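Engineer: make a model of this:
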Amino acid sequence: MDTVETPAAIVDLARVRRNLEATVAYTRAHGLGWRPHVKTHKSPDLARMQMDAGASGLTVATPREAEVMAPVTPDLLLAHPPVPPKTERLMRLPPGVRLTVALDDEALLAPLARAAAEAGRTVGVLVELDVGMGRVGLAGPPEVVALARRISAAGPDLEWRGLLFYPGHIRVTAGEQAPLLAGVASRLDAVLEALQRAGLAPAVVSGGSTPTLFQSHLIPGLTEIRPGTSIFHDRDSVALGAATLDDVAYTVLATVVSTAVPGHAVVDAGSKALAREEFRAVPGQGGFGILLDRPEVRVISVSEEHGVLDLAGTSWRPRVGDRVRIVPNHVCVSVNLQDRLLTFDPGDGATGKSLGELPLSGRGRLAVQGPEVC
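Structural biologist: Residues are numbered from 1 along each chain as shown. Just a heads-up that it's a prediction; the model follows:
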């Protein structure tokens, strides 16, 4: 890594594999499907690792991600409302792709059905339920049943498949999650009961998040989970107890460029490498990242190309030219700022000290053209 120009995104593949194995072991033990969200890594190569490890399909958030991941798996879920003209673009996915979309508004049904009919394909539809986050999703049983009926009556081009929810409001440690998950379970149970009475029992109930990953079994009726961050983990994951620093597989390699201000060191990784998303998981700690091998050292401020390290809590005194690996607060946003991922594999005796490179093909918005699909 001494020869890499910084800032650079570094991925430890041995830790990635361990994270995948932990998720697979948990989901199999509890009879849950695993449909990881690729928004975190944007990489077909890492998606293939997830599929090889035992994922049943992939979750995407954008048409670009769907286009890039279609060669990886024929089973894709778009966990984002499919508004036109994105709808038409999704219909141009390879005909062998089993596409499912999630929505919470009947206004999207007519354009979706029309686009599916013109493309000669059947699209599965999940109704999104709000379980407490207040971002998207229907409030409760009457609204969900009414929309499920509309989907069922929309014709042969749309297929009612079930429910989707995201417990993103649960941002506490595993030991504190039980009452919040009980609230999710109660909302979900009322909806499932209403759908059952209406003759619309869902085949799929898709939920989950990284903070709640290993507590997902506390939600009866759940059939699959869609964690994204868990492939890499980040500072939030560690703070919320979903991972330890030994599980963190993604860091930003940075170089110390100044020590002129007493008590601080400045690195060449700022908001354009780490993101300007402040840490809120633990009150009073703040900042924009921590050092992997010195977690007491925080990135306390960022400008575009500068990150300021607070040295008040450490005896370490860096010199200009020293290199550090920073654990960002939110890995998904940091990955999206990179041109590529550099990988190393300490489990590979032959090449453990060499760096590989993974393109981030799912990054961006433009349609995939030609060879990019592969």
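Engineer: mind listing what Thr100 touches?
Structural biologist: Residues near Thr100 by Cβ atoms under 8 Å, 6 or more residues apart in numbering: 76-78, 123-126, 161, 204. For the C-beta atoms, the positions are set from N, CA and C on the backbone; glycine is no exception.
Engineer: next: Gly132.
Structural biologist: Under the criterion of Cβ under 8 Å, 6+ apart, the contact list for Gly132 reads 167, 169-170, 180, 183-184, 187.
Engineer: would you convert those into a markdown table that also reports distance to Thr27?
Structural biologist: Listed next are the contacts of Gly132 as a markdown table, based on distance: Cβ to Cβ, whole Å:
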| residue | distance to Thr27 |
| --- | --- |
| Pro167 | 16 |
| His169 | 22 |
| Ile170 | 18 |
| Leu180 | 21 |
| Gly183 | 23 |
| Val184 | 18 |
| Arg187 | 22 |
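Engineer: ChimeraX command for the buried members of those?
Structural biologist: Filtering the contacts of Gly132 down to the buried ones (16 or more other Cβ atoms under 10 Å) takes a single ChimeraX command:
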select :167,169,170,180,184,187
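Engineer: identify the farthest-apart pair in the contacts of Gly132.
Structural biologist: Ile170 and Arg187 (12.7 Å; Cβ to Cβ).
Engineer: next SSE after the longest helix anywhere in the chain?
Structural biologist: Ranked by residue count under DSSP state H, the longest helix found in the chain is helix 178-197. Tracing the chain C-terminally past helix 178-197 and defining elements by DSSP states H and E, one meets strand 204-207 next.
Engineer: in its sheet, what does that following strand sit against?
Structural biologist: strand 158-164 (parallel), strand 224-225 (parallel) (DSSP bridges).
Engineer: quick one: the longest one to helix 178-197, angle?
Structural biologist: Using axes from the mean of the first three to the mean of the last three Cα atoms, to 10 degrees, one finds that strand 158-164 and helix 178-197 are set 150 degrees apart in direction.
Engineer: ok, the contacts of Gly132 vs Leu291, which is closest?
Structural biologist: Here the nearest of the contacts of Gly132 to Leu291, counting by Cβ to Cβ, is Ile170; it sits at 27.7 Å.
Engineer: tell me which of the strands paired with strand 204-207 sits nearest to Ala198.
Structural biologist: Nearest of those to Ala198, taken as Cβ to Cβ: strand 158-164 at 10.9 Å.
Engineer: for the most centrally placed residue in the chain, what are its contacts?
Structural biologist: Closest to where the C-alpha atoms of the chain average out (Cα atoms, centre = their mean) is Gly228, at 2.6 Å. Taking Cβ under 8 Å, 6+ apart, we find Gly228 in contact with 36-40, 59, 210, 332.
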